[in-house]
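Student: Task: produce atomic coordinates for the following.
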Amino acid sequence: MKRKLIFCLVLVAVMLCFGGVAQASEVVIDGKSLVFDTKPAIINGRVLVPFRGIFEALGAEVQWYGDTGKIIAHKGNTTIEINIGGPALKNGKPVSLDVPPRIIRGRTMVPIRFVSEALGAQVHWDKAGQRVVIITGKMHPIFYSWEYGGKVYSFGPVNLTEYEYQSILNYYRNKPHPRLASNFAHLSTYVYSYDSDGEKILKTLVNRLKEFAEKEGIRGDRVVDFVVSFVQAFPYISDSVSTPYDDYTRYPIETLLERKGDCEDTALLIAVLLKELGYGSALIIMPEEGHAAAGVLGGENMYGTYYQVGNKKYFYLETTDTGWPIGVVPPDFVGARAIVVPL
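Tutor: Residues are numbered from 1 along each chain as shown. Here you go, the predicted structure:
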């Protein structure tokens, strides 16, 4: 009882002494913004955050002992013990904290640098953005699998850390996303806009597709079928379900990393992949139908529906589901007005 009373007195003193604190704007873990129920606070140059939110975001199991004001967290071979207004321990060894944990606005707050580094993460302070950036080193492997000619092919993993994965996606998500259906002049924005990491991933994939094709004896126009089957394996998902927007055209690298998209997204990706492989390609937009597809410059053995631009024939490629061969237009879009934009 006496121990509880002492803890309560310490708790009240801590709350009174630190009623007014500065607030940090944001905490980002591996490129993702972390949302707490209480905003991060800055005390003596140190950022403190709610204990449960940060421990769980870093993959630790955490327990709170309210009668003594003790926090114990476990992750792998690491055990952290933190005491409100008292010492901190890592694997039983005391750790000096220049700003100890405390109660702020009714929440138990802990120093984010100590917790993150104790669990093996790197911590950086973004002075311009007034935010904490944490890099865990957690991997985000990407695997691809698709079927062609009755055989299953697979590629991967593309080994990116979670931070690298989110950073590449954030780079494209923060770029303008004009609607292609209403302004085709923006097509080059999507086709040629790569960062160095994104371009490296794209080139790696193109080279692997070439290697697969050569190894399996897939040549000529059959390479187009092979590449189309790769993208057709990506699940179709509408923008309103997968993004906060009703209309959001993904950059090809976004579609490639997320392995999903709607007709516009997968059509753009196929057109870019074919272009990188040395084939003439185009984006086909059916404005009244709200649909998009890809087109490939006709070869000797291509048959089916095509669209003529000058003296060039671009054969229709459906991208939204598996099994659609070159030149076959889904029944819902047969005869629809199409705008063909060569890459």
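Student: From now on I want contacts and neighbour counts done on CA atoms only, so please keep to that.
Tutor: Noted.
Student: Which residue ranges make up the domains of the protein?
Tutor: 2-23+36-122, 140-342 (automatic domain parsing).
Student: Determine how far the last residue of the longest one lies from the first.
Tutor: Taking C-alpha to C-alpha, to the nearest Å, the first and last residues of domain 140-342 lie 34 Å apart.
Student: what about the closest residue in space to P252 that isn't next to it in sequence, neighbour count?
Tutor: Computed as C-alpha to C-alpha, 6 or more residues apart in numbering, the closest residue to P252 that is not its neighbour in sequence is L269, at 4.8 Å. L269 sits with 27 neighbouring residues when counted by other C-alpha atoms under 10 Å.
Student: Where do the helices of the stretch 51-200 of the chain begin and end?
Tutor: Along the stretch 51-200 of the chain, the segments classed as helices by DSSP state H, counting those that start in this stretch run 51-57, 112-118, 162-173, 187-192, 196-215.
Student: Pick out the shakiest of those, pLDDT-wise.
Tutor: Ranked by mean pLDDT, the helices of the stretch 51-200 of the chain bottom out at helix 187-192, with a mean of 68.
Student: Please point out which parts of stretch 32-43 sit buried.
Tutor: 38-43 (16 or more other C-alpha atoms under 10 Å).
Student: that older thread, who wins for proximity to Y306 among the helices of the stretch 51-200 of the chain?
Tutor: helix 187-192 (20.6 Å; C-alpha to C-alpha).
Student: what helix or strand does V296 sit in?
Tutor: strand 291-297 (DSSP states H and E).
Student: that older thread, any chance of the helices of the stretch 51-200 of the chain in CSV with distance to D30 and mean neighbour count as columns?
Tutor: Below are the helices of the stretch 51-200 of the chain laid out as CSV (distance: least, C-alpha to C-alpha, whole Å; neighbours: other C-alpha atoms under 10 Å):
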stretch, distance to D30, mean neighbour count
helix 51-57, 10, 19
helix 112-118, 12, 19
helix 162-173, 4, 18
helix 187-192, 25, 16
helix 196-215, 16, 15
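Student: where does the protein dip in pLDDT?
Tutor: Across the chain, the ranges flagged by pLDDT under 70 are 1-24, 180-189, 191-194.
Student: The residue nearest to P252 falls within a strand, correct?
Tutor: No. Using DSSP: H, G, I helix; E, B strand; the rest coil, the assignment for L269 is helix, not a strand.
Student: Need the domains of the chain in a markdown table (columns: distance to I134).
Tutor: Formatted as a markdown table, the domains of the chain follow (distance: least, C-alpha to C-alpha, whole Å):
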| stretch | distance to I134 |
| --- | --- |
| domain 2-23+36-122 | 6 |
| domain 140-342 | 9 |
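Student: what's the spacing between the residue nearest to P252 and S96?
Tutor: 52 Å.
Student: same question, S240
Tutor: Distance from S240 to S96, counting by C-alpha to C-alpha: 49 Å.
Student: which one of the helices of the stretch 51-200 of the chain lies closest to Y144?
Tutor: That would be helix 196-215 among the helices of the stretch 51-200 of the chain, by C-alpha to C-alpha, at 10.0 Å.
Student: relative orientation of the closest one and helix 162-173 in degrees?
Tutor: Inter-element angle recorded for helix 196-215 and helix 162-173: 100 degrees (by axes from the mean of the first three to the mean of the last three C-alpha atoms, to 10 degrees).
Student: ok, back up a step: to G310, which of the helices of the stretch 51-200 of the chain lies closest?
Tutor: Among those, helix 187-192 sits nearest to G310 (C-alpha to C-alpha), with 19.4 Å.
Student: How about the contacts made by T79?
Tutor: 72-73, 90-92 (C-alpha atoms under 8 Å, 6 or more residues apart in numbering).
Student: Any of those buried? List them.
Tutor: Buried among the contacts of T79 (16+ other C-alpha under 10 Å): 72-73, 90.
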